[in-house]
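> Test case, fold it:
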Amino acid sequence: MTNDGVLGRTFGGRPRPRREHRRRALYVEESRIGTWFLGTETWAIHVLERAINDLVRLMGDRRPANPAIVDVGCGWGRSFALLDRYFHPRRLIGIDIDREMLAASAAATARQGLAVEFVNATSASLPLASASVDIVFCHQTFHHIVDQERAIAEFHRILRPAGLLLFAESTRAYIESWIIRLLFRHPMEVQKTAHQYLALIRGTGFTVDPEAISLPYLWWSRADLGLKERLLGLAPPALREETLINLVAVRQSQSG
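Predicted coordinates:
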């Protein structure tokens, strides 16, 4: 199928709303500098790859063989080579609300020789069959979504029983920091703490074991970009509001 066929189709027989209205209603569009940053090597190495490495560690021995994986909010598609390397999936699906980013992602993955299906949709309304995928990968996407409850419910719906949600997210403390407010755009009213994200995911029907949770405090997630530690040798405060949460959640069976 051509890229135009994937990106331009409608779902459920309904015409698509205008792109501008859809974006205002469903998520807050990133700033220009934010969109640019998602394509940098700093993002790929220090944000994306580090998160995937941590999530793989948190999975332990629960890694499925040849899974079907969906990346919700796939952006420029930098995740797909890493997901292919770690999981050897039988199927890769990229979902994003931004058509231009999807087209660029499709071109990039084609050059890499990766077979990826791309779908233009919102995370709160996924055009995928129920119980059809083994892994949902959601990396630094959730803080852009307005209807977070519906999105988590959709992740649960499309996962097979015992399927995995790989969730890596910035928390309210990070999104509300001065440098992020200055450079990026987000729906501020829906931002959550690490504990609130965990409660939302568990409350939707996922199991999250304590050993499957990580709260990294990386340099880029700090308001000072880690300069106090690197230049002055000051250790991060032991008591703080966490800026990041990574976790692996397991979809419970219908009876569980």
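> you'd agree Asn246 is in a strand?
Yes: assigned with DSSP: H, G, I helix; E, B strand; the rest coil, Asn246 falls within a strand.
> Contacts only, for it.
Asn246 makes contacts with 51, 54-55, 58, 167-169, 213-216, as judged by Cβ atoms under 8 Å, 6 or more residues apart in numbering. Every C-beta, even on glycine, is put in place using the N, C-alpha and C of the backbone.
> any idea of the pLDDT on it?
pLDDT recorded at Asn246 is 98.
> Contacts only, for Ser79.
Here Ser79 is in contact with 48, 52, 71, 137, 139 (Cβ under 8 Å, 6+ apart).
> May I have the residues that are in contact with the closest residue to Ile213 other than its chain neighbours?
Nearest residue to Ile213 in three dimensions, chain neighbours excluded: Leu247, at 4.7 Å (Cβ to Cβ, 6 or more residues apart in numbering). Counting by Cβ under 8 Å, 6+ apart, Leu247 touches 58, 165, 167-168, 198, 201, 208, 212-214.
> make it 7 Å
Residues in contact with Leu247, defined by Cβ atoms under 7 Å, 6 or more residues apart in numbering, are 58, 167, 198, 208, 212-213.
> What are the contacting residues of stretch 38-52?
Contacts of stretch 38-52 (Cβ under 7 Å, 6+ apart): 37, 75-76, 78-79, 82, 86, 139-140, 168, 220, 246.
> Going by neighbour count, which of the residues you listed comes out on top?
In terms of neighbours by other Cβ atoms under 10 Å, the contacts of stretch 38-52 top out with Ala168 at 25 neighbours.
> State the helix or strand in which that residue lies.
strand 159-170 (DSSP states H and E).
> The stretch 151-256 of the chain: helices as residue ranges?
172-175, 178-183, 194-203, 227-232 (DSSP state H, counting those that start in this stretch).
> before we move on, the earlier item: kindly reformat the contacts of stretch 38-52 as TSV containing distance to Lys192 and secondary structure.
Converted to TSV, the contacts of stretch 38-52 look like this (distance: Cβ to Cβ, whole Å; DSSP: H, G, I helix; E, B strand; the rest coil):
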residue	distance to Lys192	secondary structure
Phe37	22	helix
Gly75	21	coil
Trp76	25	coil
Arg78	25	coil
Ser79	23	helix
Leu82	26	helix
Tyr86	27	helix
His139	16	strand
Gln140	14	coil
Ala168	14	strand
Trp220	20	helix
Asn246	15	strand
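> Quick check: which of the helices of the stretch 151-256 of the chain has the most neighbours on average?
Most buried of those by mean neighbour count (mean count of other Cβ atoms under 10 Å) is helix 172-175; its value is a mean of 20.
> Tell me which other helices or strands it touches.
Using 3 or more Cβ pairs under 7 Å, 6 or more residues apart in numbering; DSSP states H and E, no helix or strand is in contact with helix 172-175.
> which residues are in contact with that helix?
Applying Cβ under 7 Å, 6+ apart, the contact partners of helix 172-175 are 143, 180, 186, 191-193, 221, 241-244.
> The same query, at a cut-off of 6 Å, please.
Applying Cβ atoms under 6 Å, 6 or more residues apart in numbering, the external contacts of helix 172-175 come out as 143, 186, 191-193, 221, 241, 243.
> Look up the closest residue to Glu169, ignoring the ones flanking it.
Using Cβ to Cβ, 6+ apart, the nearest residue to Glu169 is Phe142, at 4.9 Å.
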